[in-house]
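Visitor: Just need the structure, nothing else, for what follows:
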Amino acid sequence: MSTRIRRRVAASPTRTPMETWVMICSILAPDSASEARKELMKVAGEASSTISSEGPMDSPFIVHGSGARIHVYCVYGEDAVSGEDVEEDALTTKPTTGDWALSMPVPEEDLEWTNKALKGKSTRVTARASGEGLAESKAAASTAASGLSINEAEFYKP
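Guide: The predicted structure follows:
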């Protein structure tokens, strides 16, 4: 099991969805001129959309790669204003160096269009249904991307 590091970023009404995404990007890729920051900013519209849906309140953005998994949640309402449970400290490592990917939570009804939009903008950022775990989403994306399907009748034949 990999190590997980959590950050909780103040969102609405403290910040707009775009301002929230910029804050998340500054935590994940602190160098504003880095390729990772540019890659993350390419998907700002889709990320802002999921932030405005309040999906990241319970289902995090997840950055995974060679180091610890970074889980980024958003805090909304009074807690965002008061700063209660907000944790926006810089990370001691840069999770977007080397081989990394980001999975963003989106409402189930937005999953198809969001993945289509992301596919045209980034090879590192994908969407998963809010509440879905990363492992499930990676397996589903891998199968969908390869065009493979499993014939269960043949698979379970003795």
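Visitor: Residue 62 versus residue 130, what's the distance?
Guide: Distance, residue 130 to residue 62, by CB to CB, to the nearest Å: 12 Å. Backbone N, C-alpha and C define where each C-beta goes, glycine included.
Visitor: before we move on, what about residue 85?
Guide: 19 Å.
Visitor: Same drill for these two, tell me which one is more crowded.
Guide: Counted by other CB atoms under 10 Å, residue 85 and residue 62 do not tie: residue 62 has more neighbours, with 19 against 11.
Visitor: beta partners for the residue lying closest to the more buried one once chain neighbours are set aside?
Guide: Counting by CB to CB, 6 or more residues apart in numbering, residue 103 is the residue found nearest to residue 62 once chain neighbours are left out, at 4.7 Å. On the basis of DSSP bridges, residue 103 is bridged to residue 62, residue 126.
Visitor: Show the pLDDT at residue 103.
Guide: For residue 103, the model assigns a pLDDT of 97.
Visitor: Residue 7 should be in a strand, yeah?
Guide: Yes - note on residue 7: a strand contains this position according to DSSP: H, G, I helix; E, B strand; the rest coil.
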